[in-house]
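Asker: A predicted structure for the sequence below; I have some questions about it.
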Amino acid sequence: MISRENMTSLTWLRMHWETCYQITLDDGAWQAVPVGSDTGVLTADSALGLRDAMKDDFAARAARSRHERLGIPEPGGL
């Protein structure tokens, strides 16, 4: 059974991130899988932890995408 607080957090996360991530809460484990990707599952112990992980992942994916479009090598890579 999911608590009211967790249901509210799950609903909020899905409402704000549903176009980018599939978000679940299963036995206290928060998970997000990037839409269109079968790898890279993000996990956290709390809704806030998952939110922060998604924000970081989203920013990293956007930077990689920009670098690929512009032909710029990844930092630290040749």
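Answerer: Thanks, I have it.
Asker: Show me the shaky parts of this structure.
Answerer: Along the chain, the parts satisfying pLDDT under 70 run over 38, 74-78.
Asker: Check it for its longest helix and report it.
Answerer: The longest helix of the chain (DSSP state H) is helix 47-70.
Asker: what does that helix contact?
Answerer: With contact meaning Cβ atoms under 8 Å, 6 or more residues apart in numbering, helix 47-70 is reached by 6, 9-10, 12-13, 17, 20-21, 23, 30-32, 34, 40, 42-44, 72-74. Quick note: C-beta positions are derived from backbone N, CA and C, even for glycine.
Asker: Grab the most central residue of this protein for me.
Answerer: Taking Cα atoms, centre = their mean, the centroid of the chain lies closest to Met54, which sits 3.0 Å from it.
Asker: CA atoms only: put stretch 41-53 into CSV for me.
Answerer: Only the C-alpha atoms of stretch 41-53 are listed here, as CSV (Å, rounded to 0.1, in the frame of the first residue of the first chain):
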residue,chain,number,x,y,z
VAL,A,41,17.5,3.2,-14.8
LEU,A,42,17.7,5.9,-12.1
THR,A,43,17.0,4.9,-8.6
ALA,A,44,16.6,6.7,-5.2
ASP,A,45,15.3,6.1,-1.7
SER,A,46,13.0,9.2,-1.8
ALA,A,47,11.0,11.3,-4.3
LEU,A,48,13.3,14.2,-3.8
GLY,A,49,16.4,12.0,-4.4
LEU,A,50,14.8,10.7,-7.7
ARG,A,51,13.9,14.3,-8.7
ASP,A,52,17.5,15.3,-8.2
ALA,A,53,18.8,12.3,-10.1
